[in-house]
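K.L.:
give the three-dimensional model of this entry:
(2 chains)
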2 protein chains.
Amino acid sequence: MADNRRYHLAKRPEGTPDADTFDLREAERPEPGPGQALVRLLYLSVDPYMRGRMRAGESYAEPWDVGGPLYGGAVAEVVESNGAGFEPGETVVGNLPWAEYAAADGSELTPVDTGELPVSTALGVLGMPGRTAYFGVREVVEPRAGDVMVVSGAAGAVGSVAGQLGELQGADVVGVAGSDEKVDWLTGELGLTAGVNYESEDVGERLDELTDGVDAYYDNVGGPVTDAVFQRLNVDARVGICGQIALYNEEEVPTGPRKLGKLVETRARVEGFLVGDFAPRFGAATERLGELVAGGELQYRETVTEGLENAPDAFLGLFEGENVGKQVVEVADH
Amino acid sequence: MADNRRYHLAKRPEGTPDADTFDLREAERPEPGPGQALVRLLYLSVDPYMRGRMRAGESYAEPWDVGGPLYGGAVAEVVESNGAGFEPGETVVGNLPWAEYAAADGSELTPVDTGELPVSTALGVLGMPGRTAYFGVREVVEPRAGDVMVVSGAAGAVGSVAGQLGELQGADVVGVAGSDEKVDWLTGELGLTAGVNYESEDVGERLDELTDGVDAYYDNVGGPVTDAVFQRLNVDARVGICGQIALYNEEEVPTGPRKLGKLVETRARVEGFLVGDFAPRFGAATERLGELVAGGELQYRETVTEGLENAPDAFLGLFEGENVGKQVVEVADH
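P.N.:
Now for the predicted structure:
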């Protein structure tokens, strides 16, 4: 009896993925094995890093198998527990298939505790994106009071938190985003010092107008935005490379201006990071982010796409900049 | 009375400098003013970073003026002191013009103390290049026991010291250089684990044969050698950017494969540095380098070009890889 639907990887995309990359299959609700729970998905997360999982070959995230289900962070409700350590009705978060129902080991599920906030925030400001911003700002980019800090992808799930955390650490944050609406959100509700619309403005010229160079850079995007920022790095600047979404759909290695010479002149430090490396401190990060949201010091927004069937569109929209804040897919009412 | 000769910058070069960049003028020996010494140059240093001083515009080293004298590190003998704090006959090192004689403030001269070693080493293994390698390895690249460390420009003044210091810290060092003769020197006398001749071998293929990836990279060169190393960085790799000699003669910003994405995957850290930032600790570095040379743990070589008139050739040869170890110009017998 087909009482479940699940997305599978139809094929590995070349260049930008499209609808043919995804295969929505009718399926049966799985029987939870010993120690497992049957869960009903409420929200699933689509994230830029998932483009990497569509490629063959090792990277920091395991590749998805062709023909196999797509997986990602999701919030779900426990329907049935087979010794999984959860009660029916509990809300959990974990790495789950893009499906309506799934079976998962209890040990891989975590109770959702978002307090007064919607459970979807466990995938956003209080979840992986929020923690990525938290550790990237505090441990890698390290903005100091009075620094000019630039954030690329500043209206995204990670960038919108990173920019606000930079301001809270006393930096003057310039957010780079892809529309006037986003820039207005950054400089209005989020309280950033300034914003640049990279679609309609020359990022380098605007940075020259707005700043005397860049002391700290939180990079989610790469490509020409990053080129413009590197040219304007100040002495002892710190750069954290969180993502390079502008390049994820390239099949050939993209080329650009060589930038390492600038590092000698400025003695700047560039460092890549993965949130997973900070796992032992996730709890503390989530708690702190929750306090900041509760205290009104940290704003967030979610872009919600309804229906599992629309998950591919939600994912593809990330590369078009269609989301403001965290993009989630609402799989079921709750 | 023209009893002195001095090189001036004839014009700012476009691309690779040539003989027309340099103007050798007859001059008079200067009269030392109060607090100054008249010195006779024995050795002058030519270094890749001087290419930057031929450009207009600010960088970390002050630009040379068109029509003005060229300056650099030099070892000289005090001929006459006008209250400079030195006795005639003393050997000093300082920032001096490319000339046979010069006047310099006593406060800007340092007594040369190279012990049993030739005074020219104050420009090489015991001078700025040696210290650059010392601080770059210890404070930036930080090779650990068992690391694979790659050094580009490994047979140069800085690289040859950096590679040996890496081995002394327990790393397996692969030196990249531009001739079989240099590679033989690296793996023979200098004791590096392996060498790659980038002129005759594919650097990436050789690194794949020799290593399971690169944990530490001391980069003097940039360009394609660096591209090959970046592709092979291991998790938590450390990269120190000391110089980018392959790019110094480019007029347009050179392009190459974008490399920042690799930093996310590996959480690698890339940092530029300038030896001048470590000035308070120069004394300790020179002392330690002297001990290592005296103890036979650190080998060095110098390429000596005779005659002030040949200083431009010596300088231009740096970009052709004509030097092994430190390139100096012997200006006068001593």
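
K.L.:
contacting residues for the closest residue to residue A:70 other than its chain neighbours?
P.N.:
Nearest residue to residue A:70, sequence neighbours excluded (CB to CB, 6 or more residues apart in numbering or on different chains): residue A:98, at 4.4 Å. C-beta: built from backbone N, CA, C; applies to glycine. Contact analysis of residue A:98 by CB atoms under 8 Å, 6 or more residues apart in numbering or on different chains lists A:6-7, A:44, A:69-72, A:308, A:311.

K.L.:
nearest to chain B, of those residues?
P.N.:
Closest approach to chain B among the contacts of residue A:98 (CB to the nearest CB): residue A:72, at 17.9 Å.

K.L.:
three-state assignment of residue A:292?
P.N.:
helix (DSSP: H, G, I helix; E, B strand; the rest coil).

K.L.:
any idea how far the residue nearest to residue A:70 lies from residue A:2?
P.N.:
To residue A:2, residue A:98 is 16 Å away according to CB to CB, to the nearest Å.

K.L.:
separation between the residue nearest to residue A:91 when sequence neighbours are not counted and chain B?
P.N.:
Among residues not flanking residue A:91 along the chain, residue A:112 sits closest, at 4.3 Å (CB to CB, 6+ apart). For residue A:112, the distance to chain B equals 28 Å [CB to the nearest CB, to the nearest Å].

K.L.:
now residue A:26, what are its backbone angles?
P.N.:
Per-residue torsions, residue A:26: phi -70, psi 140 (degrees, to the nearest 10).

K.L.:
so what's the nearest residue to it once chain neighbours are set aside up against?
P.N.:
Once flanking residues are discounted, residue A:26 sits nearest to residue A:2: 3.9 Å by CB to CB, 6+ apart. When contacts are counted by CB under 8 Å, 6+ apart, residue A:2 touches A:26-28.

K.L.:
so residue A:2, which of the three states?
P.N.:
coil.

K.L.:
can you check the one 5 residues further on too?
P.N.:
Here residue A:7 is strand, with the state taken from three-state DSSP.

K.L.:
ok, back up a step: ok, and the most crowded of the contacts of residue A:2?
P.N.:
residue A:27 (18 neighbours; other CB atoms under 10 Å in any protein chain shown).

K.L.:
phi, psi of it?
P.N.:
phi -150, psi 170.

K.L.:
would you agree it is in contact with residue A:8?
P.N.:
No - look at residue A:27 against residue A:8 with CB atoms under 8 Å: they stay out of range, at 9.3 Å.

K.L.:
quickly run through the sheet partners of the longest strand seen in chain A, with directions.
P.N.:
In chain A, assigned by DSSP state E, the strand with the most residues is strand A:71-82. Within its sheet, strand A:71-82 is paired with strand A:36-45 (antiparallel), strand A:91-97 (antiparallel), according to DSSP bridges.

K.L.:
among those, which comes closest to residue B:50?
P.N.:
For residue B:50, the closest of the strands paired with strand A:71-82 is strand A:36-45, at 53.4 Å, according to CB to CB.

K.L.:
next, the angle strand A:4-9 makes with the closest one.
P.N.:
Counting by axes from the mean of the first three to the mean of the last three CA atoms, to 10 degrees, strand A:36-45 lies at 60 degrees to strand A:4-9.

K.L.:
right, and the helix or strand after strand A:36-45?
P.N.:
helix A:50-53 (DSSP states H and E).

K.L.:
so what's the model's average confidence on that next one?
P.N.:
Computed over helix A:50-53, the mean pLDDT rounds to 94.

K.L.:
name the helices or strands packed onto that helix?
P.N.:
Helix A:50-53 is packed against no helix or strand, with contacts defined by 3 or more CB pairs under 8 Å, 6 or more residues apart in numbering or on different chains; DSSP states H and E.

K.L.:
could you find the closest non-adjacent residue to the residue of the stretch 51-200 of chain A found nearest chain B?
P.N.:
Closest to chain B within the stretch 51-200 of chain A is residue A:60: 5.2 Å, counting by CB to the nearest CB. Distances taken as CB to CB, 6+ apart place residue B:265 nearest to residue A:60, at 5.2 Å, with adjacent residues excluded.

K.L.:
do the same with residue A:313
P.N.:
That would be residue A:305: by CB to CB, 6+ apart, it lies 6.7 Å from residue A:313.

K.L.:
ditto for residue A:195
P.N.:
Once flanking residues are discounted, residue A:195 sits nearest to residue A:183: 3.5 Å by CB to CB, 6+ apart.

K.L.:
hmm, who's touching the one helix or strand the one you found maps to?
P.N.:
Residue A:183 belongs to helix A:180-187 when assigned by DSSP H and E. When contacts are defined by CB under 8 Å, 6+ apart, helix A:180-187 is touched by residues A:154-155, A:160, A:163, A:175, A:177, A:192-197, A:200, A:301, A:321, A:324.

K.L.:
so which of the residues you listed is the most crowded?
P.N.:
Greatest neighbour count in the contacts of helix A:180-187, by other CB under 10 Å, goes to residue A:160: 33 neighbours.

K.L.:
hang on, that residue packs against residue A:325?
P.N.:
Yes - in terms of CB under 8 Å, residue A:160 counts as a neighbour of residue A:325; the distance is 5.4 Å.

K.L.:
pretty sure residue A:145 contacts residue A:168?
P.N.:
No - at 10.6 Å, residue A:145 and residue A:168 do not qualify as touching, with contact defined as CB under 8 Å.

K.L.:
of the two, who's got more company?
P.N.:
residue A:168 (15 against 8).

K.L.:
tell me the pLDDT at the more buried one?
P.N.:
98.

K.L.:
before we move on, what SS does the closest residue to it other than its chain neighbours have?
P.N.:
For residue A:168, ignoring the flanking residues on the chain, the nearest one in space by CB to CB, 6+ apart is residue A:297 at 6.3 Å. Following three-state DSSP, residue A:297 is assigned to coil.
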